[in-house]
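> Following is a predicted model, sequence given first.
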Amino acid sequence: MRILTWHVHGNYLYYLTQVPHEFYVPVKPGRPAGYGGRTGAFPWPDNLHEVPADDVRHLPLDVVLFQARQHYVDDQHTLLSPAQRRLPRIYLEHDPPREHPTDTRHLVDDPEVLLVHVTHFNALMWDSGRTPTRVIEHGVVVPRTVRYTGTLRRGVVVINNLRTRGRRLGADIFERVRGEVPLDLIGMDAASMGGLGEFPPPALPATIARYRFFFNPIRYTSLGLAVCEAMTIGMPIVGLATSEMVTVVENGVSGYLDTNVDRLVTRMRALLEDPSAARRLGAGARDSALERFGIERFVRDWEDVFAQVADHPQASTGTERRSMAAGAVV
C-alpha cells in the first residue's frame, strides 16, 4: 500500500517503516518539526519517500496515517485533496492526555477514522468517544551484536529535552537522584543539565550497554522506546511505578519499580554493589522484551490494521466496528 504519514517521532517512524509498504512523508523548506523527512542518523529503508508538501495532493495513496494534532486539524484540509480526505484514515496517538488524565476527549471524533494507541494505558486514559480504537504496542530492533555488560558503575537516563519538559518527565527526580547515585543523562539538550548530549540512534544501544542499570524518572507519559530498547539488550530497569511501566517491569525479575524514590535509590545502590544481581535482572528484562516488543509482532499488527482499514474504510458501528478493533479498546 501507499501510505502518507509524517515525521513526528524519528525512532517510531524508523520502526514503522519495517512494515513492508511504501511510506510517504511531506517535507517543507527548512524542514520544520513534522516535515523533516529522511533526517536524522537513521538507516532509513528504501520504502520511505520524501514528497514536497505542496505535491502531496497529487500522490496516489491508499491510507493516510496522522500522528499529530496539527496534521489532523490543519494539513488534512490544506495539503490533501478532497479525494484523499475520503481515503481510509488512521490517527496514531503517541501520548496520554495532557489537559486532564481521565476526562479529556480525544480530538478525533469520527467513526470513520481508526484511532491507534501505542499503549493500553493511553487507551484507558483517553475518552475516545465514538471513534473506534486499537492498541499496537511498541516493537524495536537493536543491533544483534550489542548486549548488556554493566561494567560501568553508573546508571543512565535517556530522555530528550528533559530540562524543558520538566516535572512530567521527571527532571526534578533526576536531579534529586543524581545527588545520591552516579547517573548520566543522554538525549537532546542533555548537556544543559550536565549530561552527555545526544547520540545517533543506531549507536545508542552500544553506548548504554556499559551502564549498570537504566533509570526512568518519568511521572506521566507514554512508554519510552528507549526503555524497550534497553530491555532488549538485557539491561535492568529502575523506574517509577506509573503509566504503562507497571505492566512492563516486574520487581525482582526485570528490575524495580516504586513510587517511593528513596526506595528506588536503595535499589540502585544495591545494583551498583552487586553486578551479578544486575545481570540476572537484565536477563529477565531481555526475556520479557523479546516476547512483548519483538519487531515481527509489531509489523504483523500494523499490517493487520492497514489491511482492515483498506477493506473497511467506513466501518464504524456494530459488528464492523468491533471487527476493526478486534482485541482492542472501543
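Received the coordinates, thanks.

> May I have the phi/psi pair for H71?
phi -70, psi -30 (degrees, to the nearest 10).

> give the contact list for the residue lying closest to A190 once chain neighbours are set aside.
Among residues not flanking A190 along the chain, G197 sits closest, at 5.3 Å (Cβ to Cβ, 6 or more residues apart in numbering). All C-beta atoms are positioned from the backbone trio N, CA, C, and that covers glycine. With contact set as Cβ atoms under 8 Å, 6 or more residues apart in numbering, G197 has these partners: 186-187, 190-191.

> which of those lies closest to F215?
Distance to F215, by Cβ to Cβ, is smallest for I186 among the contacts of G197, at 11.3 Å.

> Which of the helices or strands spans G155?
Using DSSP states H and E, G155 sits within strand 152-158.

> Show me what counts as buried in that strand.
Residues 154-158 are the ones in strand 152-158 that count as buried (16 or more other Cβ atoms under 10 Å).

> And the furthest pair within those residues?
Maximum pairwise distance in the buried residues of strand 152-158, criterion Cβ to Cβ, is 13.2 Å, between R154 and V158.

> thought V249 was touching L257?
Yes - at 5.2 Å, V249 counts as touching L257 under the criterion of Cβ atoms under 8 Å.

> what is in contact with these two at once?
237, 239.

> Which of these two has more residues huddled nearby?
Using other Cβ atoms under 10 Å, the more surrounded residue of V249 and L257 is V249, with 25 against 21.

> who touches that one in this structure?
By Cβ under 8 Å, 6+ apart, the contact set of V249 is 237, 239, 255-257, 285.

> Then N216?
Taking Cβ under 8 Å, 6+ apart as the test, what N216 contacts is 157, 170, 224, 227, 237-240, 245.

> Mark which of those are part of strands, please.
Taking DSSP state E, the ones among the contacts of N216 that sit in strands are 157, 237-240.

> which one among those gets closest to P202?
Distance to P202, by Cβ to Cβ, is smallest for V157 among these, at 19.7 Å.

> That closest one contacts L183, doesn't it?
Yes - in this structure V157 lies within contact range of L183 using Cβ under 8 Å: 6.0 Å.

> residues bridging contact with these two, i.e. touching both?
Common contacts of V157 and L183, defined by Cβ under 8 Å, 6+ apart, comprise 174, 215.

> And stretch 222-236, end to end?
Across stretch 222-236, the terminal residues are separated by 19 Å (Cα to Cα, to the nearest Å).

> now swap in stretch 146-158 and tell me
17 Å.

> again with stretch 56-63
One end of stretch 56-63 sits 13 Å from the other (Cα to Cα).

> which stretches of the stretch 201-330 of the chain form strands?
211-216, 237-240, 255-258 (DSSP state E, counting those that start in this stretch).

> on that earlier part again, how about CSV for the buried residues of strand 152-158, with distance to V108 and pLDDT added?
As requested, the buried residues of strand 152-158 are exported to CSV (distance: Cβ to Cβ, whole Å; pLDDT from 0 to 100):
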residue, distance to V108, pLDDT
R154, 43, 98
G155, 38, 98
V156, 36, 98
V157, 33, 98
V158, 30, 98
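
> Out of those residues, which is nearest to F213?
Closest to F213 out of those is G155 (4.9 Å), distances taken as Cβ to Cβ.

> quick one on the thing from earlier: most neighbours, which of the contacts of N216?
Busiest of these [other Cβ under 10 Å] is V157, holding 28 neighbours.

> could you point out where the chain is predicted with low confidence?
Within the chain, the stretches with pLDDT under 70 are 312-330.

> Please parse it into its domains.
For the chain, automatic domain parsing gives the domain ranges 2-140+296-324, 152-292.

> ok, and which of those has the densest surroundings?
Between these, domain 152-292 has the highest mean count of neighbours, a mean of 19, where neighbours are mean count of other Cβ atoms under 10 Å.
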